[in-house]
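Student: Sequence and predicted model, in that order:
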Amino acid sequence: NAGVMQNPRHLVRRRGQEARLRCSPMKGHSHVYWYRQLPEEGLKFMVYLQKENIIDESGMPKERFSAEFPKEGPSILRIQQVVRGDSAAYFCASSPQGPGANVLTFGAGSRLTVL
Amino acid sequence: AQSVSQHNHHVILSEAASLELGCNYSYGGTVNLFWYVQYPGQHLQLLLKYFSGDPLVKGIKGFEAEFIKSKFSFNLRKPSVQWSDTAEYFCAVNARRDDKIIFGKGTRLHILP
């Protein structure tokens, strides 16, 4: 049973380009969370999604950032017109529905570098 | 809004020393509490969790944590650390009525052999 799969593991973009980060949850998990990690700042909540539904996006910057979790396929975190401050590690986690719903299984992360 | 505060950002201990990492949260309602650990080069993984019942919870690798509701605290403890405990430790909380899980800034623990 594969865990949470994130790709790419490393992504380099120039300022102004778009970055797309993908996350496939664990089999049987229907909830996906995205977090951003910056040095000395810990894990900052960005967005929480279920299939075809954004539950809580209170941690997402108002502009340039969007997330989706379609009925088929992985969840995608999209950053448009990247800036140097977007350089960070982005972690995806998933959880099952029902009992144990709040225990997260994390992926290995995607490290974005903006030149 | 919920928040989590971890008091120590960096902790250095010798092997066999006792460990206590502080965690306080701010939320007035019922909460679930977690400690996650990230070993060097590995994914974040669950160390232990508190949902309800006995406020003293035991996790993997000899770790335990005590939920003290009156203090809004969930400190992590281990009586005798090992070099392999070197890692970054994150406290996390979510309000029962809200599935969003908020993490603290983490504590980097370095154990000297």
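Tutor: That came through fine.

Student: now the residue most central in space within chain B, which residues is it bridged with?
Tutor: For chain B, B:Trp35 is the residue whose C-alpha lies nearest the centre (C-alpha atoms, centre = their mean; 3.6 Å). Counting by DSSP bridges, B:Trp35 forms beta bridges with B:Leu48, B:Cys91.

Student: Skipping its backbone neighbours, what lies nearest the closest residue to chain A within chain B in space?
Tutor: Closest residue of chain B to chain A, C-beta to the nearest C-beta: B:Lys105 (3.4 Å). The way it works is simple: take the backbone N, C-alpha and C, and place the C-beta from them, glycine included. Leaving aside its chain neighbours, B:Lys105 sits nearest to A:Gly42 (3.4 Å; criterion: C-beta to C-beta, 6 or more residues apart in numbering or on different chains).

Student: And A:Tyr90, by the same measure?
Tutor: A:Ser110 (4.9 Å).

Student: Can you tell me how far A:Val47 is from chain B?
Tutor: Distance, A:Val47 to chain B, by C-beta to the nearest C-beta, to the nearest Å: 9 Å.

Student: Compute the number of surrounding residues for that residue.
Tutor: 23 (other C-beta atoms under 10 Å in any protein chain shown).

Student: Report pLDDT for the residue of chain A found nearest chain B.
Tutor: The nearest approach of chain A to chain B comes at A:Gly42, 3.4 Å away (C-beta to the nearest C-beta). Here, the pLDDT recorded for A:Gly42 equals 85.

Student: Please identify the residues of chain B in proximity to chain A?
Tutor: Residues of chain B lying near chain A by C-beta under 8 Å from any C-beta of the partner chain: B:6, B:9, B:32, B:34, B:36, B:43-46, B:49, B:51, B:90, B:94, B:98-106.

Student: Are any of those buried, and if so which?
Tutor: Among the residues of chain B next to chain A, those classed as buried by 16 or more other C-beta atoms under 10 Å in any protein chain shown are B:6, B:32, B:34, B:36, B:43-44, B:46, B:49, B:51, B:90, B:94, B:99-106.

Student: Contacts only, for residue 19.
Tutor: Just so you know, I chose chain A. By C-beta atoms under 8 Å, 6 or more residues apart in numbering or on different chains, the residues touching A:Ala19 are A:Leu11, A:Arg13, A:Arg78, A:Ile79, A:Val82, A:Asp86, A:Leu112, A:Val114.

Student: my bad, the chain I had in mind was chain B
Tutor: Applying C-beta under 8 Å, 6+ apart, the residues near B:Leu19 are B:Val11, B:Leu13, B:Leu76, B:Arg77, B:Lys78, B:Pro79, B:Val81, B:Asp85, B:Leu109.
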